[in-house]
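Colleague: let's see this in three dimensions:
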Amino acid sequence: MANPYAGEVALVVDGQRRVARLTLGALAELEATLETGGLIDLAERFEAGRFSTRDVLALVVAGLRGGGWPGTAGDLMTADIAGGPVEAARVAAQLLARAFAVPDRP
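Modeller: Numbering: from 1, shown residues only. Purely as a prediction, here's the structure:
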């Protein structure tokens with residue numbers, strides 16, 4: 001199970017449940033792949049609903065890699081994601097939110 005207190009989000013890729021999280025290294029890799037702006041610009045695009053599929057792909061790849069997945073964006077482009085693009089966008093938004101927010105304690 002994904003641990004939201006550790007910034008983790010679950011995603012099923014090619015029938016296998018994966019845990020994604022934006023570690024510092026994953027965030028640095030994500031920022032390096034963004035074509036415009038930085039992480040603040042990316043967060044603003046998500047908040048305004050102006051994100052692109054490229055944004056979603058970059059976030060999901062970075063999150064999966066932060067969770068230990070050895071794949072690349074090319075691998076994910078041909079993968080079957082349970083829930084399709086809508087689930088991928090939801091996971092991307094959660095990853096971004098959890099990377100910069102402290103969850104409430106139970």
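Colleague: this structure: strands as residue ranges?
Modeller: In the chain, the strands defined using DSSP state E lie at 9-13, 16-20.
Colleague: and the first one, what does it pack against?
Modeller: Here strand 9-13 touches strand 16-20, helix 53-66, helix 84-99, going by 3 or more CB pairs under 8 Å, 6 or more residues apart in numbering; DSSP states H and E. For every residue, glycine as well, the C-beta is placed using N, CA and C.
Colleague: tell me which residues in it are buried?
Modeller: 9, 11, 13 (16 or more other CB atoms under 10 Å).
Colleague: nearest to Leu27 among these?
Modeller: Of all the buried residues of strand 9-13, Val9 has the smallest distance to Leu27: 14.4 Å, by CB to CB.
Colleague: now that closest one, nearest residue through space, not along the chain?
Modeller: Nearest in space to Val9, with sequence neighbours left out and distances taken as CB to CB, 6 or more residues apart in numbering, is Gln94 at 4.6 Å.
Colleague: same deal with Thr53?
Modeller: Nearest residue to Thr53, sequence neighbours excluded (CB to CB, 6+ apart): Pro85, at 7.1 Å.
Colleague: so the one you found sits against Phe51, correct?
Modeller: No - taking contacts as CB atoms under 8 Å, Pro85 lies outside contact range of Phe51: 11.5 Å.
Colleague: tell me which of the two has more neighbours.
Modeller: Just comparing Pro85 and Phe51: by other CB atoms under 10 Å the higher neighbour count belongs to Phe51, 20 against 11.
Colleague: who are the contact partners of the nearest residue in space to that one that is not next to it in sequence?
Modeller: Spatial nearest neighbour of Phe51, chain neighbours left out: Arg45 (4.6 Å); criterion: CB to CB, 6+ apart. Contacts for Arg45 (CB atoms under 8 Å, 6 or more residues apart in numbering) come out as 51-52, 55.
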